[in-house]
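K.L.:
I'd like to go over a predicted model; first the sequence, then the structure.
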Amino acid sequence: MVADFEPKIVAFCCYYCAYSAADLAGSLRLQYPSNIRLVEMPCSGKIDVRVILEAFEGGADGVYVAGCLEGDCHFLKGNIRARKRIGYVKKLLDEIGIGGERVEMFNLSAAMGPRFAEIAAEMTERIRRLGPSPLNKAYKKEPASSTAG
């Protein structure tokens, strides 16, 4: 584990629920880690596998998608589509050696500001335990030192 590692986490949030929950958390002055980068989306169902992978290529150590509560999506089944895509990305990240546990899906209502803050803290702690993403150029592994003398 890298001593000075502060994870970079991207949170793709649906406008109607998860982004509103983040806004509520801020209005309530709830503390959550400042390393979370919010990206507002019209619906979590608009998230694309390519966009998640590009976040990792861009240096993210973790990514999460936050959508409406299941059965309560403003676009009917967007959050269900998002959950399926996250499942696919988890498998893909495991296969290529990045680790599927670096990506997650959460469901929130607009009134769940405290839960939004909890999720941000949980994801930050999870990614800290995992360490930097293998794609994070700021924390490339140092080569083993030679003991030849």
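P.N.:
Yes, it's here.
K.L.:
give the contact list for residue 20.
P.N.:
Residues near residue 20 by CB atoms under 8 Å, 6 or more residues apart in numbering: residue 110. The C-beta positions use only the backbone N, C-alpha and C, and glycine is treated the same way.
K.L.:
For it, give its distance to residue 45.
P.N.:
Residue 20 sits 17 Å away from residue 45, going by CB to CB, to the nearest Å.
K.L.:
same check, this time on residue 19
P.N.:
Look at residue 19 and residue 45: by CB to CB, they are 14 Å apart.
K.L.:
same deal with residue 72?
P.N.:
Distance check for residue 72 against residue 45: by CB to CB, it reads 13 Å.
K.L.:
Same check on residue 114?
P.N.:
25 Å.
K.L.:
who has more neighbours, the two?
P.N.:
More crowded of residue 114 and residue 45, by other CB atoms under 10 Å: residue 45, with 23 against 14.
K.L.:
Next up, the contacts around the closest residue to the more buried one other than its chain neighbours.
P.N.:
Leaving aside its chain neighbours, residue 45 sits nearest to residue 78 (2.5 Å; criterion: CB to CB, 6 or more residues apart in numbering). Contact analysis of residue 78 by CB under 8 Å, 6+ apart lists 14, 43, 44, 45, 46, 67, 68.
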